[in-house]
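> Predicted model and sequence follow; I will ask about them next.
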Amino acid sequence: MNVGISIDTSAVEKRFKNVNIDLAIFKALSKTSQQGINVILDRTAKGKGIYASFKRYSQKYAAFRAEKGRSINPDLNFSGKMLGSIKSAVKTSDKLANIYFSRKSEAKKALGNNKTRPFFGFNEKEKLKLVKLFAKNFKL
């Protein structure tokens, strides 16, 4: 036994006839990816990684940082270059936003840091917040 349903979509089609969906996606992805960068930077500045607080710097490295006038609390920030090179790019054609390091040298540093103190990514709670932010910013 089957039940057929007929829906008149002409009103919906008329409402969205002049809407640029790609632009709406681009704007929402841009805001969401920028907030993603902010999440990584804010969390890292507090000495926290994706899932836990950063492990302490080695005694030798902590002494080196102190000697240079830097904090010995792990925040992955010595010169500011690595974290300052985090950027985002939106590809509307793929409906995708990438967060990346704009300089190869900084990406290499980040890769090493991420092995010891995972910071570049999002936990489930952060992902959910970013999804909600995208939905809030997706306006037709």
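That came through fine.
> Check what contacts the strand or helix carrying residue 133 and list those residues.
When elements are assigned from DSSP states H and E, residue 133 belongs to helix 124-137. With Cβ atoms under 8 Å, 6 or more residues apart in numbering as the test, helix 124-137 has contacts from 27-29, 31-32, 35-36, 39, 122. The C-beta positions use only the backbone N, C-alpha and C, and glycine is treated the same way.
> likewise stretch 53-62?
Applying Cβ under 8 Å, 6+ apart, the external contacts of stretch 53-62 come out as 47-48, 65, 72, 74-76, 116-117, 119.
> how about the helices of this structure, start to end?
Per DSSP state H, the chain carries helices over the ranges 10-15, 21-45, 59-67, 81-84, 104-116, 124-137.
> Give the buried residues for the shortest one.
If you call a residue buried by 16 or more other Cβ atoms under 10 Å, then helix 81-84 has these buried ones: 82-83.
> what's it packed up against?
Applying 3 or more Cβ pairs under 8 Å, 6 or more residues apart in numbering; DSSP states H and E, we find helix 81-84 packed against helix 104-116.
> how far does the helix it packs on sit from the chain's center?
Its chain's C-alpha centre lies 16 Å from the corresponding centre of helix 104-116 when counted by Cα atoms, centre = their mean, to the nearest Å.
> Please apply the same query to stretch 114-121.
Relative to the centre of its chain, stretch 114-121 is centred 13 Å away, using Cα atoms, centre = their mean.
> same thing with stretch 65-80?
The answer for stretch 65-80 is 24 Å, by Cα atoms, centre = their mean.
> Just the terminal-to-terminal distance for it.
Stretch 65-80 stretches 14 Å from its first residue to its last (Cα to Cα, to the nearest Å).
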